[in-house]
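> The sequence and its predicted three-dimensional model are supplied below.
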Amino acid sequence: MGIVFFVLDLIFKVSPYVLGLHPSQLKNFGEYSESITIHLILTPVFILLSIILMRRFKATVKYLFFGQLLTIVFASYLISAGMMASFFGMHNPRNTVTIYMIALMLVGIFYVFEYFETFLIAIITTVVFSLILPNYLQQSRELLLNQFASMVLMVAFFTISRYAFSYRANHFTQLKTINEKNVQIEVANQVKDEILGIVAHDLRNPLAAIETIATIMQLDNKLDEDGEDNILMIKASCERAKLIINDLIEVARNDIDNEFEVKRCDLNQFLFHIVEEWLNNKTTPAKIIYYGTKQPVFAWINEEKMQRVMDNLISNAIKFSADGIEVSLRHANGAAFIDVKDFGVGIPNALLPSIFDRFSKASRKGLHGEESIGLGLSIVKQIVTKHGGDINVKSVEEKGTTFTISLHQSIAS
């Protein structure tokens with residue numbers, strides 16, 4: 001504010017000469033010129049003091065009082081400058097109140113004062129105005145009218161200043177609340193990561209031990225049919241528990257890692273190998289048909305992350321379809337499109353908007369009662385988005401569902 005005021009004074013100082021106006025053409029030019037000269041001398045002092053106090057305040061807050069005092073003095077100085085400009089105009093501020101009013105309004109809007117500080121500035125301004133006014137006017141009626149005009153301006157200044165204070169105080173309170181919430185969120189994220197670390201370490205090991213024991217028991221030739229079924233149930237439960245743990249850990253990793261390494265990959269070969277793995281999977285046999293492109297299609301991907309995407313989509317398709325699924329690759333307009341299509345029960349329209357939400361309410365049991373915690377598609381969306389791609393879903397109940405991944409940085413050759 002001080003710099004702006006200094007520049008304006010400098011412009012006012014030189015403008016009569018630039019415009020070629022003679023001092024005799026301007027009323028009260030001498031007083032006007034002297035006041036601006038005083039401003040050009042005093043304003044840099046205020047600017048220098050404010051710079052010194054700001055630097056000292058960064059080192060220690062004990063200079064806060066001096067900063068507040070300097071602000072009050074400078075605000076009073078600005079108002080006085082506007083007041084004197086009104087006096088110089090016609091020696092009757094009531095007739096040239098505009099500059100005085102502008103100075104009051106600018107101080108009220110741009111400076112934030114406590115109630116007492118605002119009241120103090122209003123008192124100082126009123127006293128200064130009352131002391132200067134008799135030097136320019138002698139008639140009692142004019143004195144009274146000018147005092148009344150000044151009081152009206154003081155009320156307007158006080159109202160605007162208090163409104164500006166309330167507005168900025170509310171804004172500051174909101175920012176402070178947001179910052180506190182952000183700190184709480186960061187703490188919660190740290191706690192979450194610690195819990196997931198415990199899950200990864202303390203649950204995986206017992207599950208591995210249970211699965212190993214179940215495998216050893218399965219080798220026992222004395223097991224009857226019921227015992228064999230129980231062993232298979234134990235192993236299947238361990239497998240489901242590991243998938244849930246892996247999903248939780250993947251969510252945490254994707255939250256922390258904003259970026260991951262990518263490399264140029266032939267999507268035809270990449271998808272073909274994934275489908276081959278599922279076809280050769282003895283524990284989860286699947287009917288999958290792959291439709292590739294005639295020419296290679298390359299894209300920049302993280303193969304480990306993208307394999308997790310495909311495994312999730314294929315697993316979901318198998319879970320809700322008994323008639324097999326199709327995986328296909330297309331290329332158009334510089335983008336690669338991967339479709340995973342099933343011919344199963346489909347997704348109800350009411351669930352489609354929340355299908356990619358974390359712990360989604362769209363989570364359902366599979367055709368054989370497979371449980372889900374609603375994280376798989378959330379992870380898929382997260383990974384695809386970090387690849388700079390998109391994923392969309394189309395579904396018709398009792399006819400099937402198609403998930404389409406769009407990878408925009410692809411190359412066909």
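Structure's in. What do you need?
> And the helices in the stretch 251-400 of the chain?
When assigned using DSSP state H, counting those that start in this stretch, the helices of the stretch 251-400 of the chain occupy the ranges 267-279, 303-319, 376-386.
> nearest to Ala156, of those helices?
Nearest to Ala156 among the helices of the stretch 251-400 of the chain is helix 376-386; the distance by Cβ to Cβ comes to 52.9 Å. Heads up, the C-betas are built off the backbone N, CA and C, glycines and all.
> which parts of the closest one are buried?
376-384, 386 (16 or more other Cβ atoms under 10 Å).
> what do you get for stretch 36-46?
For stretch 36-46, by 16+ other Cβ under 10 Å, it's 36, 39, 42-43, 46.
> same deal with stretch 233-248?
For stretch 233-248, by 16+ other Cβ under 10 Å, it's 234-235, 238, 241, 243, 245, 247-248.
> Same question for stretch 346-361.
So for stretch 346-361, counting by 16+ other Cβ under 10 Å, buried means 346-347, 355-356, 360.
> any idea which of those residues is closest to Tyr136?
Phe356 (74.6 Å).
> The closest one and Leu377 touch, don't they?
Yes - Phe356 is within contact range of Leu377, at 5.1 Å (criterion: Cβ atoms under 8 Å).
> helix or strand for the closest residue to Asp390 other than its chain neighbours, which one?
Nearest residue to Asp390, sequence neighbours excluded (Cβ to Cβ, 6 or more residues apart in numbering): Ser406, at 4.5 Å. Assigned by DSSP states H and E, Ser406 belongs to strand 400-407.
> Just checking: what are the partner strands of that strand?
Partner strands for strand 400-407, per DSSP bridges, with pairing direction: strand 335-342 (antiparallel), strand 390-396 (antiparallel).
> which residues sit against the shortest one?
Counting contacts by Cβ atoms under 8 Å, 6 or more residues apart in numbering, the residues outside strand 390-396 that touch it are 346-347, 352, 355-356, 380-381, 384, 401-406.
> and which of these is nearest His273?
Once Cβ to Cβ is applied, the member of the contacts of strand 390-396 that ends up nearest His273 is Ile405, at 16.8 Å.
> right, and Met83 touches Ser130 too?
No - counting by Cβ under 8 Å, Met83 stays clear of Ser130, with 11.1 Å between them.
> For Met306, see how far away Val380 is.
Separation of Val380 from Met306 (Cβ to Cβ, to the nearest Å) stands at 10 Å.
> quick one: low-confidence ranges for the stretch 1-150 of the chain?
For the stretch 1-150 of the chain, applying pLDDT under 70 flags the ranges 1-2, 5, 8-9, 12-33, 57-63, 87-98.
> ditto for the stretch 301-413 of the chain
For the stretch 301-413 of the chain, the ranges with pLDDT under 70 are 359-374, 410-413.
> returning to what we had before: so which of the buried residues of stretch 36-46 comes closest to Tyr136?
Ile36 (18.6 Å).
> just so I have it, where are all the helices in the stretch 1-150 of the chain?
When assigned using DSSP H, counting those that start in this stretch, the helices of the stretch 1-150 of the chain occupy the ranges 2-18, 29-59, 64-90, 98-110, 115-132, 140-198.
> Need the helices of the stretch 251-400 of the chain in JSON lines (columns: distance to Glu397).
Below are those laid out as JSON lines (distance: least, Cβ to Cβ, whole Å):
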{"stretch": "helix 267-279", "distance to Glu397": "25"}
{"stretch": "helix 303-319", "distance to Glu397": "15"}
{"stretch": "helix 376-386", "distance to Glu397": "18"}
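> Can you check which of these gets nearest to Tyr77?
Comparing these against Tyr77 with Cβ to Cβ, the closest turns out to be helix 376-386 (55.4 Å).
> list the helices and strands the closest one packs on?
When contacts are defined as 3 or more Cβ pairs under 8 Å, 6 or more residues apart in numbering; DSSP states H and E, helix 376-386 packs onto helix 225-256, helix 303-319, strand 390-396.
> swap the cut-off to 6 Å and go again
Contacts defined by 3 or more Cβ pairs under 6 Å, 6 or more residues apart in numbering; DSSP states H and E place helix 376-386 against helix 303-319.
> Quick one: list the elements packing against the helix it packs on.
The contact analysis (3+ Cβ pairs under 6 Å, 6+ apart) places helix 303-319 against strand 335-342, helix 376-386.
> 7 Å instead?
Contact analysis of helix 303-319 by 3 or more Cβ pairs under 7 Å, 6 or more residues apart in numbering; DSSP states H and E lists helix 267-279, strand 325-332, strand 335-342, helix 376-386 as its packing neighbours.
> right, and out of the buried residues of stretch 233-248, which lies closest to Asp342?
Leu243 (19.1 Å).
> what's around Ile198, how many residues?
A count of neighbours around Ile198, defined by other Cβ atoms under 10 Å, yields 10.
> Could you check how many residues crowd around Ile123?
Around Ile123 there are 11 residues (other Cβ under 10 Å).
> Report the contact partners of it.
Listed by Cβ atoms under 7 Å, 6 or more residues apart in numbering, the contact set of Ile123 is empty.
> again, 10 Å this time
Taking Cβ atoms under 10 Å, 6 or more residues apart in numbering, we find Ile123 in contact with Met154.
> which residues are common contacts for Val380 and Met306?
Ile405.
> circling back: could you point out which of the helices of the stretch 251-400 of the chain sits nearest Leu53?
helix 376-386 (46.8 Å).
> just how off-centre is that closest one within its chain?
Averaging C-alpha positions (Cα atoms, centre = their mean, to the nearest Å) puts helix 376-386 20 Å from its chain's average.
> Please apply the same query to stretch 73-85.
On Cα atoms, centre = their mean, the centre of stretch 73-85 falls 41 Å from that of its chain.
> next one: stretch 386-406
Offset of stretch 386-406 from its chain centre (Cα atoms, centre = their mean): 28 Å.
> how about the CA coordinates for it, as CSV?
Presented in CSV, the C-alpha positions along stretch 386-406 are these (Å, rounded to 0.1, in the frame of the first residue of the first chain):
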residue,chain,number,x,y,z
LYS,A,386,-1.9,-42.8,-13.0
HIS,A,387,-1.1,-44.2,-16.5
GLY,A,388,-2.9,-41.1,-17.9
GLY,A,389,-5.7,-43.3,-19.2
ASP,A,390,-9.4,-43.8,-18.6
ILE,A,391,-11.7,-46.8,-17.8
ASN,A,392,-15.4,-47.0,-18.6
VAL,A,393,-18.0,-49.7,-18.1
LYS,A,394,-21.1,-50.7,-20.1
SER,A,395,-23.5,-53.3,-18.7
VAL,A,396,-26.9,-54.8,-19.4
GLU,A,397,-28.5,-56.9,-16.8
GLU,A,398,-28.6,-60.6,-17.7
LYS,A,399,-26.6,-59.9,-20.9
GLY,A,400,-23.1,-59.0,-19.6
THR,A,401,-20.6,-56.3,-18.9
THR,A,402,-17.7,-54.7,-20.8
PHE,A,403,-14.9,-52.8,-19.2
THR,A,404,-12.9,-50.6,-21.6
ILE,A,405,-9.4,-49.3,-20.7
SER,A,406,-8.2,-46.3,-22.9
